[in-house]
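Novice: Need a 3D model of the following:
(2 chains)
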2 protein chains.
Amino acid sequence: MAGMLQRTLRLRTAAALKPLSNHVTRSSTHVPRLSTSLCRRVHGGADVANKSPAAAPERLPFSRVNQEDLDFFKKILPGRTITDPDLLESYNVDWLKSVKGSSELLLRPQSTEEVSQILSYCNRRNLAVNTQGGNTGLVGGSVPVYDEIILSTALMNNILSFDRVSGVLTCQAGCVLENLSLYLEQRDHIMPLDLGAKGSCHIGGNVATNAGGLRLLRYGSLHGNVLGLEAVLADGQVLDCLATLRKDNTGYDLKQLFIGSEGTLGVITAVSVLCPRKPNSVNVLFLGCETFEDLLKTFQLCKGMLGEILSAFEFLDSECMRLLNSHLKLDNPISDCPFYIVIETSGSDARHDEEKLHNFLEEAMTSSLVTDGTVATEDSKTKALWSMRERVTEALTHDGFTYKYDVSLPVEKIYQLVTDMRVHLGGRAKSVVGYGHVGDGNLHLNITSPAQDPALLAAIEPFVYEWTSGCQGSISAEHGLGLKKRNYVYYSKSSRAVALMAVIKATLDPKGILNPYKTLPDHLR
Amino acid sequence: MAGMLQRTLRLRTAAALKPLSNHVTRSSTHVPRLSTSLCRRVHGGADVANKSPAAAPERLPFSRVNQEDLDFFKKILPGRTITDPDLLESYNVDWLKSVKGSSELLLRPQSTEEVSQILSYCNRRNLAVNTQGGNTGLVGGSVPVYDEIILSTALMNNILSFDRVSGVLTCQAGCVLENLSLYLEQRDHIMPLDLGAKGSCHIGGNVATNAGGLRLLRYGSLHGNVLGLEAVLADGQVLDCLATLRKDNTGYDLKQLFIGSEGTLGVITAVSVLCPRKPNSVNVLFLGCETFEDLLKTFQLCKGMLGEILSAFEFLDSECMRLLNSHLKLDNPISDCPFYIVIETSGSDARHDEEKLHNFLEEAMTSSLVTDGTVATEDSKTKALWSMRERVTEALTHDGFTYKYDVSLPVEKIYQLVTDMRVHLGGRAKSVVGYGHVGDGNLHLNITSPAQDPALLAAIEPFVYEWTSGCQGSISAEHGLGLKKRNYVYYSKSSRAVALMAVIKATLDPKGILNPYKTLPDHLR
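Specialist: Next up, the predicted model:
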């Protein structure tokens, strides 16, 4: 059995990956512009007929931008106060084209001081503000719902410092994640997070949404990796918690409040991030399993045998593979299986890592947990294998209107939700697919339909939330609540917890000008 | 040179550690009862003549416990409402015997519901409450300052669940850290934190103080490792955020507020902690360096060559060794050096780890960064080497009255503070020693004196805080602010940040009954 694996690995390492690596890049393809037909499916915040809990609430009585306001902004942001509707269009709609605002003003500050002036003014004038990073969010949190002023962090893109000894990077909020990664790689370090949207997303947005992604299993969440943070509060006050220390127990850790608060408590203007050393050796495995039980057993085996070098354990099902094949023309690098695993290892000694991998694979094949597999070490080939996992989101956009769910569950239950959903929906959906981060218990459940379909939606929700809640899961593992999921928070949080969130919101932003209609349920505004 | 190292290692591994392992246990000796002569040095909160910023402020106008209150508590906590002054004595004084309260009432709840009843009552009656875990804190945070009711978590010591698949442990707040470690070890896991006080400290106290300790370098802080938390708020409301999920982005991460808030925002009653797999192989090295520069270069080398298996990089200076020798009769396991390093590796493959260690040591010796060393693999021997680092605190208590500082700094500056302090104090102190967590940039600077010495204190403070602040360091890396350091917070935090802390305190605990006189500076009460 082990011999068979060896043959398979040799064969595939040598040949099978070539076709993939020619047309796949891991990060440059993740934010494709959608086709015109898909654009028609956009439902705006204001004109959603179906008042589902995800639909936008009524506009709150914020002031409207007048000429005097424009004059003020043009004075403090000359050339960076945008009112051209054509330029504003892409800022008003989210990547999924599922939420569309009608903002008539885009501000592009370059400094914390400018953000402070903007918020101080907006707070006095009762003008609502939507902070926007790379606009890659999936829950409608990064775009205006009505006419909120868009505050883009795109021009706040300076790296402020990097300390090679401590590995601490300090930068402005608008730095694109991939640019930070490239900067660090030249300095023998990596970012502690990586995600499909890295070519567009901003680090400030990552922190504001507590982005998870592909390296969380190894390096943990941003609550641990963000060492410092600077934010501008609703009234324009600058809160400087931009420390670069691994340990600092002097009072409450205020920065934690802003991590994951989706721009509703303050505008993050700069962050300090603890960055790991760049590993000397990276290997990626793509394996096939007959059952999800085998996949889970493989995960346990992997945790024991790969231990400290395991840096990702991801999965996709055969339905994802079908979409990758048909919509993106990506070939399956191994034989067809019901489930596929992407494992990444990274370590300091290539020979040791290879030995650990070899021993793990031998055990996984001998015990028949894994039926086929391929391994890649070279950069282009590891990227090609990763793309099988990372481009599922993109493949889905070609399959039809996508209902997206991002739940975390006890790991042994994550695929049961996909199976139950298929049974529950019968033939009503076009595709029901499951993929995600097994190592974090995080399932991405996606359901497509030829067009937006209120009846289908009514069949999915609240079923999916009730199912998740029944397992004490989270109805938003890493995507956040944004606009779309704000009213579902009670499926995962107690009413006391949500009430306390509202108290904190009211304390930090009494007029509610920061990213209104997001995160908190409507009745608490 | 490498040959020399081999000889040294063989020799020491075989012989030199034996004497140590006979009389050292890592955790059972860390909370020695102090001698009567030391007890005389206690300065109570109420009767400190010298009004330094560390001294207790005036008592706030809380109610005093009356017979009706006692009747109520006896009814809800029969047999667990303690008023016997003899029994209360040890609860009223901290481990360092540096702060002494005068509480006349100790409550020992067993459940969250009982804590809720206590706080609901105390809040109505305006009775102040001091929550106490293992009472191992070093900044006077865990004992009453005046007559606050002591709420002990000692009887809330049940493990609620452990999931072998996810590694998530859920337990009540009063579980002793070492007991949790032993429980997990039998289940092939470990706690993500370890500290000298583990035989006494409670996990609730660890979380309330955001304890750092010896494994932070590898597994990160409690802000990343605590997945869920249950707390009772000042008014008795139970805040249930006791999730066991690695990812949960449904609203603000409220539990983060309680991590490191020193019992001033709520009483932590239960926690869920992400626990790593137990490593198959653990090695401990004890090395000697001629200069601190060499020690830092060794750290850099170590990070590169040991990479993912590095789990601790600690140091002590020759003054620490002198105190270990003279007060605890611990022998130096290697030849005398100005600086000593304790390195721990833990990994999944013993042979790989040994190879990495061998390569690292060969390089460190060849380049003369390290002048002598010994290595241990067996449990008793690794514990003996660890005790050279862990028992420094204990040795200090025998040297005299100890002024303790726990700062974090850019790592290249941590020893300069010790050197500068020695010059600054001239011959005024008995001992000035430095040790700590190099990997975290965390220095423990300790200064002893035959007796409490206000003139010496005036020479140390604010010099130490100003020096630290000048390097953008933290004046309390892992110990917290408690009573003693509350008024020094501005050396590390901006006035806006501290003002926001006070707003949050006032929001969550309007009457200020929870652990008064702690964490926040006096003028903000």
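Novice: mind checking the SS state of residue A:146?
Specialist: Using DSSP: H, G, I helix; E, B strand; the rest coil, the structure places residue A:146 in coil.
Novice: Could you check how far the residue nearest to residue A:92 when sequence neighbours are not counted is from residue A:262?
Specialist: In space, and not counting its chain neighbours, residue A:92 is closest to residue A:101: 4.6 Å by C-beta to C-beta, 6 or more residues apart in numbering or on different chains. Heads up, the C-betas are built off the backbone N, CA and C, glycines and all. Per C-beta to C-beta, to the nearest Å, residue A:101 is found 15 Å from residue A:262.
Novice: So which residues on the stretch 301-450 of chain A come close to chain B?
Specialist: A:303-309, A:346-349, A:352, A:355-356, A:408-412, A:437, A:440-442 (C-beta under 8 Å from any C-beta of the partner chain).
Novice: Whichever of those end up buried, select them in PyMOL.
Specialist: Buried residues among these (16 or more other C-beta atoms under 10 Å in any protein chain shown), as a PyMOL selection:
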select buried, chain A and resi 303+305+306+307+308+309+346+347+348+349+352+356+408+409+410+411+412+437+440+441+442
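Novice: So which of the residues of the stretch 301-450 of chain A next to chain B are in helices?
Specialist: Mapping these onto helices (DSSP state H) picks out A:303-306, A:352, A:355-356.
Novice: Pretty sure the residue nearest to residue A:92 sits against residue A:141.
Specialist: No: look at residue A:101 against residue A:141 with C-beta atoms under 8 Å: they stay out of range, at 11.7 Å.
Novice: Which one of these two is surrounded by more residues?
Specialist: Ranked by neighbour count (other C-beta atoms under 10 Å in any protein chain shown), residue A:101 and residue A:141 place residue A:141 first, with 30 against 25.
Novice: For the more buried one, which three-state class applies?
Specialist: Classified using three-state DSSP, residue A:141 is coil.
Novice: ok so, going back, show me the contacts for the residue nearest to residue A:92.
Specialist: A:44-45, A:92-93, A:130, A:143-148 (C-beta atoms under 8 Å, 6 or more residues apart in numbering or on different chains).
Novice: and what of residue A:148?
Specialist: When contacts are counted by C-beta under 8 Å, 6+ apart, residue A:148 is found next to A:62, A:101, A:103, A:128-130, A:515-516.
Novice: related to what we said a few turns ago, would you turn the contacts of residue A:101 into JSON lines with distance to residue B:465 and pLDDT?
Specialist: Putting the contacts of residue A:101 into JSON lines (distance: C-beta to C-beta, whole Å; pLDDT from 0 to 100) gives the following:
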{"residue": "A:44", "distance to residue B:465": "55", "pLDDT": "37"}
{"residue": "A:45", "distance to residue B:465": "51", "pLDDT": "38"}
{"residue": "A:92", "distance to residue B:465": "50", "pLDDT": "98"}
{"residue": "A:93", "distance to residue B:465": "51", "pLDDT": "98"}
{"residue": "A:130", "distance to residue B:465": "41", "pLDDT": "98"}
{"residue": "A:143", "distance to residue B:465": "46", "pLDDT": "98"}
{"residue": "A:144", "distance to residue B:465": "46", "pLDDT": "98"}
{"residue": "A:145", "distance to residue B:465": "47", "pLDDT": "98"}
{"residue": "A:146", "distance to residue B:465": "49", "pLDDT": "98"}
{"residue": "A:147", "distance to residue B:465": "49", "pLDDT": "98"}
{"residue": "A:148", "distance to residue B:465": "44", "pLDDT": "98"}
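Novice: Just the buried residues of these.
Specialist: A:44-45, A:92-93, A:130, A:143-148.
Novice: which secondary structure elements does the one helix or strand residue A:434 maps to contact?
Specialist: If you go by DSSP states H and E, residue A:434 is part of strand A:431-437. Where contact means 3 or more C-beta pairs under 8 Å, 6 or more residues apart in numbering or on different chains; DSSP states H and E, strand A:431-437 is packed against strand A:310-317, helix A:318-328, helix A:392-399, helix A:414-425, strand A:442-449.
Novice: With mean pLDDT added, can I get the ones you listed in CSV?
Specialist: As requested, the helices and strands packed on strand A:431-437 are exported to CSV (pLDDT from 0 to 100):
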stretch, mean pLDDT
strand A:310-317, 96
helix A:318-328, 98
helix A:392-399, 95
helix A:414-425, 98
strand A:442-449, 97
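Novice: As JSON lines, these with distance to residue A:209 would be great.
Specialist: Below are the helices and strands packed on strand A:431-437 laid out as JSON lines (distance: least, C-beta to C-beta, whole Å):
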{"stretch": "strand A:310-317", "distance to residue A:209": "20"}
{"stretch": "helix A:318-328", "distance to residue A:209": "24"}
{"stretch": "helix A:392-399", "distance to residue A:209": "16"}
{"stretch": "helix A:414-425", "distance to residue A:209": "21"}
{"stretch": "strand A:442-449", "distance to residue A:209": "14"}
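Novice: of all the ones you listed, which lies closest to residue B:339?
Specialist: Nearest of the helices and strands packed on strand A:431-437 to residue B:339, taken as C-beta to C-beta: strand A:310-317 at 33.7 Å.
Novice: May I have the strands that pair with that closest one, each with its orientation?
Specialist: Strand A:310-317 has the following sheet partners, assigned by DSSP bridges: strand A:339-347 (antiparallel), strand A:431-437 (antiparallel).
Novice: what angle sits between it and strand A:442-449?
Specialist: Here the directions of strand A:310-317 and strand A:442-449 differ by 30 degrees (axes from the mean of the first three to the mean of the last three C-alpha atoms, to 10 degrees).
Novice: doesn't residue A:285 make contact with residue A:354?
Specialist: No: contact criterion C-beta under 8 Å: residue A:354 and residue A:285 do not qualify, at 11.5 Å.
Novice: Pretty sure residue A:387 sits against residue A:330.
Specialist: Yes: with contact defined as C-beta under 8 Å, residue A:387 and residue A:330 form a contacting pair (7.0 Å).
Novice: Of these two, which one has the most company?
Specialist: Taking other C-beta under 10 Å, residue A:387 and residue A:330 do not tie; residue A:387 has more neighbours (25 against 21).
Novice: what about that one, which helix or strand?
Specialist: helix A:379-390.
Novice: Go ahead and measure how far that helix is from the middle of the chain.
Specialist: Computed by C-alpha atoms, centre = their mean, to the nearest Å, the chain-centroid distance of helix A:379-390 equals 18 Å.
Novice: ok, now stretch A:81-95?
Specialist: Its chain's C-alpha centre and that of stretch A:81-95 lie 22 Å apart, by C-alpha atoms, centre = their mean.
Novice: Chain B contacts on the stretch 101-250 of chain A?
Specialist: Checking the stretch 101-250 of chain A against chain B by C-beta under 8 Å from any C-beta, the hits are A:163, A:165-166, A:209-210, A:212, A:216, A:220-221, A:223-225, A:237-241, A:243-250.
Novice: Please identify the buried residues of the helix holding residue A:387?
Specialist: Buried residues in helix A:379-390 (16+ other C-beta under 10 Å): A:381-390.
Novice: what's the closest non-adjacent residue to whichever residue of the stretch 151-300 of chain A sits closest to chain B?
Specialist: Nearest residue of the stretch 151-300 of chain A to chain B (C-beta to the nearest C-beta) works out as residue A:224 at 2.6 Å. For residue A:224, ignoring the flanking residues on the chain, the nearest one in space by C-beta to C-beta, 6+ apart is residue B:224 at 2.6 Å.
Novice: And for the one you found, the neighbour number?
Specialist: 21.
Novice: So which of the strands paired with strand A:310-317 is the most surrounded?
Specialist: strand A:339-347 (a mean of 26; mean count of other C-beta atoms under 10 Å in any protein chain shown).
Novice: Give me the distance from that one to the chain's centre.
Specialist: The answer for strand A:339-347 is 19 Å, by C-alpha atoms, centre = their mean.
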